[in-house]
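1. Could you work out the structure for the sequence below:
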Amino acid sequence: MNFDDYQKAANRTLMGNEQVLTNCALGLTGESGEVADLIRKYTFQSKKLDHDELVKELGDVLWYLSQISEWADIPFDEVATDNIKRLEKRYPAQSDGVNQVNI
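-> Predicted coordinates:
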């Protein structure tokens, strides 16, 4: 699935009113916090990093990002493509073919 297809499919589940942008921005912070909390528990409490739970929470983050992009009339593929271009510029390929990315 490409990002634009995802964005269109995800948009069918969006409910709300004129406060859609605020809802999505706040939802994004909440779901990002869920991802961070899973990693915190893994790092500092020696909890197992549950693959399925992490996939679920990352999916929730992706949904909110796609809907903010939808609200702003920005194709989600454009967001992904622009990000990769900026990363390639910021972190050009190393001579050994390995990139060290510290975002």
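2. quick one: buried residues of the lengthiest helix in the chain?
-> In the chain, taking DSSP state H as the definition, the longest helix is helix 20-44. Neighbour-count burial for helix 20-44, with 16 or more other CB atoms under 10 Å as criterion, is recorded at 23, 24, 27, 28, 31, 32, 34, 35, 38. For every residue, glycine as well, the C-beta is placed using N, CA and C.
3. how close does the last one sit to residue 84?
-> What that stands for is residue 38. 25 Å (CB to CB, to the nearest Å).
4. Tell me the secondary structure at the residue nearest to the spatial centre of the chain.
-> Closest residue to the average C-alpha location of the chain: residue 62 at 4.0 Å, with CA atoms, centre = their mean. Secondary structure, DSSP: H, G, I helix; E, B strand; the rest coil: residue 62 is helix.
5. Which residue comes closest to it once chain neighbours are left out?
-> residue 6 (7.4 Å; CB to CB, 6 or more residues apart in numbering).
6. name the element the one you found belongs to?
-> Assigning secondary structure by DSSP states H and E places residue 6 in helix 3-11.
7. Show me what that helix is packed against.
-> helix 51-71, helix 76-90 (3 or more CB pairs under 8 Å, 6 or more residues apart in numbering; DSSP states H and E).
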